[in-house]
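quick one: sequence plus predicted model below, questions after.
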Amino acid sequence: MKRVYNFNPGPATLPLEVLQEVQAEFLDFDNSGMSIIEISHRSKNYEKVHNQAKADILELMGLGDEYEVLFIQGGASLQFAMIPMNFATKENPGSYALSGIFSTNAYKEAEILGVGQIAASTKAENFRRVPRQDEIKIAPNSAYFHVCYNNTIYGTEYHYIPETNGVPLFADMSSDMLSRPLNFKKFSLIYAGVQKNLGPAGVVVVVVKKSLVEKSLETLPTMLRYDTFYKKNSLFNTPPEFSIYFVGKVAAWIKNCGGLAEMAKRNSRKAEVLYAAIDESNNFYRGHAEKDSRSFMNVTFRLPNEELEKKFVAEALENNLIGVKGHRLVGGLRASIYNSMTLEGVEALADFMKKFRQSNG
Ligand SMILES: *Cc1c(COP(=O)(O)O)cnc(C)c1O
C-alpha cells in the first residue's frame with residue numbers, strides 16, 4: 001500500500017488511524033452484522049453515533065447547553081442560502097464581510113433575496129488579507145454579521161474575532177473548523193462543510209445558539225428551515241449516516257490527541273515550517289497572503305513564472321506530494337495542511353521546495 005502526502009484543499013486528507021478504524025469495523029458495525037451505511041437511522045446503534053458526535057463537537061468547542069449541533073446536507077453552499085432565508089429581512093438585512101470567493105458567494109445568496117449588505121471588502125486588494133476591525137461597518141439593524149473565517153482559496157484567516165456591537169456573529173468555518181481553540185461563545189452560528197477538515201463530503205455541521213433556531217419563518221419549505229433540523233435532532237429525514245459517523249470518529253480522534261489546544265500547536269508548527277520556506281527563499285517563492293492574515297490551513301504562494309509553477313506541480317507529484325496546484329482564481333500553488341496533515345508531510349514539502357529552488361532559482 002502506498003499513501004501519498006495529500007495537500008488537496010477538499011476533499012482532503014483524513015487521519016490514517018481513523019481510516020483504519022472505519023475500515024476495520026466496516027463489515028460489522030457495533031455487532032450489528034451490517035455496515036454503518038446499511039443500518040436504519042432510527043436504530044439504537046446509529047442514534048448512539050449521532051448523539052456522541054454532537055456531544056464531542058460541543059465539548060471540543062467548549063460550548064454548553066445554549067448551543068445545538070445540526071447536521072444538514074447541501075454543502076456549505078446551501079448554508080449560504082438558508083442563512084438569509086431564515087434570518088434576514090429587508091428591514092433587518094444580513095451584513096457580510098467579503099474576504100474571498102466563498103464569502104462573496106454567501107453574500108450573493110442574500111442579494112438574490114434582496115436582504116444582503118456589504119459591511120467590508122478586501123476585493124480591491126485581491127483578497128490578500130481579511131478586513132481589519134476598523135474597516136468593518138455593520139449597520140446596527142443587521143440580523144447578523146457573516147464572515148468566512150478561513151479563506152480556503154486565497155489562504156487568509158482571521159486572527160481576531162470581529163466585534164459586532166451586539167449583532168449576532170455568523171461564521172463559515174468550513175476550512176478551519178476544530179483547528180484551534182477560540183472563544184466560540186462569541187459566535188451565534190458557525191457552520192462547516194466537513195470535507196475540508198472533518199470527514200467525507202455529504203454533511204455540514206452547524207453549531208448554533210438554540211434561541212436562534214427554535215422557530216423559523218412559516219413561509220419557508222420544511223427542508224430549508226433550521227427548526228426542522230432542530231426539533232427532530234437532525235433526523236427529520238434520512239441523514240448522511242456515513243459522513244456523520246466519520247465526523248464523530250474524527251472528533252474523538254481530536255479529543256484523544258489532546259483537543260483543540262493540541263491541534264493549534266500542531267497546526268501553527270506546520271504553518272511555520274512552510275511560511276519559513278517561503279520567507280527564506282529570497283523571493284523565489286512569494287506568499288499571496290499578507291503576513292498578519294496568513295492562514296494556518298491553506299498556504300498560498302507563487303513562483304517567478306507560470307512555467308516554473310507547472311514544473312513544480314509535476315515534480316512534486318513525482319515526490320508523492322499531491323494536490324499543490326493553486327485555485328484557478330489565484331494561480332500559483334497552495335498547500336492545504338488541515339488537522340490530519342502530519343508534520344512529516346509538511347517537512348517533506350518544505351524540503352522539496354528548498355531543492356526545487358536550488359535547481360531552478
Ligand atoms: C469548500 C468551501 C465552501 C463550499 O463548500 P461546499 O460544501 O462544497 O458547498 C464554502 N466555504 C468555505 C470556506 C470552503 O472552504
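Thanks, I have it.

the helix of greatest length in the chain: what's the following helix or strand?
Secondary structure of the chain per DSSP state H: the longest helix is helix 259-279. Later in the chain than helix 259-279, the nearest helix or strand by DSSP states H and E is strand 286-287.

ok, then the element right after that following strand?
Following strand 286-287 in sequence, per DSSP H and E, is strand 298-302.

and Lys44, what is it in contact with?
With contact set as Cβ atoms under 8 Å, 6 or more residues apart in numbering, Lys44 has no partners. All C-beta atoms are positioned from the backbone trio N, CA, C, and that covers glycine.

apply 10 Å and report the result again.
Contacts of Lys44 were listed using Cβ atoms under 10 Å, 6 or more residues apart in numbering, and they are 30, 32.

now do it, the pLDDT please.
Lys44 is assigned 96 on the pLDDT scale.

can you name the residues of the stretch 51-200 of the chain that neighbour the ligand?
75-77, 102, 148, 152, 172, 174-175, 193, 196 (Cβ under 6 Å from any ligand atom).

list only buried entries from the residues you listed.
Among those, those classed as buried by 16 or more other Cβ atoms under 10 Å are 75-76, 102, 148, 152, 172, 174-175, 193, 196.

just send the residues you listed back as JSON lines, with secondary structure and pLDDT too.
Below are these laid out as JSON lines (DSSP: H, G, I helix; E, B strand; the rest coil; pLDDT from 0 to 100):
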{"residue": "Gly75", "secondary structure": "helix", "pLDDT": "98"}
{"residue": "Ala76", "secondary structure": "helix", "pLDDT": "98"}
{"residue": "Phe102", "secondary structure": "helix", "pLDDT": "98"}
{"residue": "Cys148", "secondary structure": "strand", "pLDDT": "98"}
{"residue": "Thr152", "secondary structure": "coil", "pLDDT": "98"}
{"residue": "Asp172", "secondary structure": "strand", "pLDDT": "98"}
{"residue": "Ser174", "secondary structure": "coil", "pLDDT": "98"}
{"residue": "Ser175", "secondary structure": "coil", "pLDDT": "98"}
{"residue": "Gly193", "secondary structure": "strand", "pLDDT": "98"}
{"residue": "Lys196", "secondary structure": "coil", "pLDDT": "97"}
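
farthest pair in these?
Farthest-apart pair in these is Gly75 and Cys148; separation 14.1 Å (Cβ to Cβ).

roughly how far out does the helix or strand hosting Lys108 sit from the chain middle?
Taking DSSP H and E as the definition, Lys108 sits inside helix 101-112. Offset of helix 101-112 from its chain centre (Cα atoms, centre = their mean, to the nearest Å): 17 Å.

buried sites along that helix?
For helix 101-112, using 16+ other Cβ under 10 Å, the buried residues are 101-107, 109-111.

can you check stretch 51-60 too?
In stretch 51-60, counting by 16+ other Cβ under 10 Å, buried: 53-54, 56-58, 60.

go on, stretch 280-293?
So, applying 16+ other Cβ under 10 Å, buried residues of stretch 280-293: 281, 284-285, 287-289, 293.

helices and strands around the longest helix of the chain, which ones?
Here helix 259-279 touches helix 44-61, helix 241-257, strand 286-287, strand 298-302, strand 333-336, helix 343-360, going by 3 or more Cβ pairs under 10 Å, 6 or more residues apart in numbering; DSSP states H and E.

okay if I get these as a markdown table plus distance to Ser121?
Below are these laid out as a markdown table (distance: least, Cβ to Cβ, whole Å):
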| stretch | distance to Ser121 |
| --- | --- |
| helix 44-61 | 28 |
| helix 241-257 | 32 |
| strand 286-287 | 21 |
| strand 298-302 | 19 |
| strand 333-336 | 22 |
| helix 343-360 | 32 |
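
of all those, which lies closest to Glu91?
Using Cβ to Cβ, those put helix 44-61 closest to Glu91, at 31.9 Å.

and the angle for the closest one with helix 241-257?
Orientation check (axes from the mean of the first three to the mean of the last three Cα atoms, to 10 degrees): helix 44-61 against helix 241-257 gives 40 degrees.

ok, then the element right after helix 44-61?
Next along from helix 44-61, by DSSP H and E: strand 67-72.

and that next one with helix 241-257, angle?
140 degrees.

give the partner strands of strand 67-72 in its sheet and their orientations.
Here strand 67-72 has these sheet partners by DSSP bridges: strand 204-209 (antiparallel).

right, is the strand it pairs with up against the ligand?
No - for strand 204-209, no contact with the ligand is found by Cβ under 6 Å from any ligand atom; the gap never falls below 6.6 Å.

what are the C-alpha coordinates of that strand, in PDB please?
This file holds the C-alpha atoms of strand 204-209, laid out as PDB (Å, rounded to 0.1, in the frame of the first residue of the first chain):
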ATOM      1  CA  VAL A 204     -22.500  20.300   7.100                       C
ATOM      2  CA  VAL A 205     -22.000  20.700  10.800                       C
ATOM      3  CA  VAL A 206     -24.000  23.800  12.000                       C
ATOM      4  CA  VAL A 207     -23.300  24.900  15.600                       C
ATOM      5  CA  VAL A 208     -25.900  27.400  16.600                       C
ATOM      6  CA  LYS A 209     -27.500  29.100  19.600                       C
END
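
many thanks, we can stop here.
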